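> generate coordinates for the sequence data below:
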Amino acid sequence: MTAQLDKRLHAFRGDLADETLRGKVTSEQFVAGVSARVSSTFADILDKPDEHAGLQTQILFGHDVKVFERKDGWAWIQRSDDGYMGYIREDCLGPGNSEPTHMVLAQRTFLYPDTDLKHPRVGYRSMGSKVTVTNTTTNRGTEYGLLDTGEAIIARHLIEIGTWQSDYVSVAETLLHTPYLWGGDTGFGIDCSGLVFLSQMLCGNTVLRDSDMQEATAGAEIPFDEHALQRGDLIFWKGHVGIMQDGETLLHANGHTMNVALEPLRDAVDRIGYLYGQPTMARRF
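Presented below is the predicted three-dimensional model:
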């Protein structure tokens, strides 16, 4: 007895499963997930506990997970934001003692050892990372946030958690020219559905991660009419999604330009259709 549950979103294997799935799946052992927090710049979520396994998605600094297993340097985790499952390196996890107060809004930003941007950087944070600001101070006209981890960060690169952006397309536009990375979810590299996922995150919204999940659940389905599309509409192909910047222009991370790019929708339809067929659906938030 194993229900038809998506293994990307539910923790179950033949030998181990989430306690909450007892009675829904068959497994040798059921355990409760243990809370932890990502303490590395970001962590790759892989489909197997193997450094050569396929990249499924990523999880950013400061985000919480449930850990169902730690073994041989790997952790089998579920991302708390959207429930995505996979394996990450165990050393990417920390205890998460303090509640995050801010999220990084800039595509990428730096950590400094003190409140002086002329000093050598000591780390990096991507858009969407969660940090805990304990105080702020200004030095030579630049405001810094002082972090619970001991570093300083440029305050204007942050937003307070809860004071979300109102237009996810504007957030996505700031990621123009970001390199394409299959499974990427960060300001260092991103893919088509990751662009939707990350830009919606900065608006306080959670959408599911993969394009097929977004096609099934994001917003509401609308007719695909090239003459009636609006800013923010999602256009889906088999295995691909793009965001309408306006009624004519598509914003998407794609393997053709290998970055986040703008493209006339009609050009994208013709180009993508040659290999993968016509759009399958449009959806509107």
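> how does the chain divide into domains?
Using automatic domain parsing, the domain ranges for the chain come out as 17-94, 102-160, 168-284.
> can I get the ones you listed in CSV with distance to residue 11 and mean neighbour count?
Using the backbone N, CA and C atoms, a C-beta is placed for each residue, glycine as well. Formatted as CSV, the domains of the chain follow (distance: least, CB to CB, whole Å; neighbours: other CB atoms under 10 Å):
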stretch, distance to residue 11, mean neighbour count
domain 17-94, 4, 18
domain 102-160, 22, 17
domain 168-284, 15, 18
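> as a markdown table, these with mean pLDDT and distance to residue 10 would be great.
Listed next are these as a markdown table, based on pLDDT from 0 to 100; distance: least, CB to CB, whole Å:
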| stretch | mean pLDDT | distance to residue 10 |
| --- | --- | --- |
| domain 17-94 | 97 | 6 |
| domain 102-160 | 98 | 24 |
| domain 168-284 | 97 | 13 |
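> got those domains as a markdown table, with distance to residue 4 columns?
Shown next, in a markdown table, are the domains of the chain (distance: least, CB to CB, whole Å):
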| stretch | distance to residue 4 |
| --- | --- |
| domain 17-94 | 10 |
| domain 102-160 | 31 |
| domain 168-284 | 14 |
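> those: which one's closest to residue 9?
domain 17-94 (4.6 Å; CB to CB).
> any idea how far the closest one is from the chain center?
Offset of domain 17-94 from its chain centre (CA atoms, centre = their mean, to the nearest Å): 15 Å.
> got the contact list for the helix or strand containing residue 137?
Here residue 137 sits within strand 133-139, counting by DSSP states H and E. With CB atoms under 8 Å, 6 or more residues apart in numbering as the test, strand 133-139 has contacts from 101-102, 115-116, 143-148, 153, 155, 158.
> having no further points to raise, I will conclude here.
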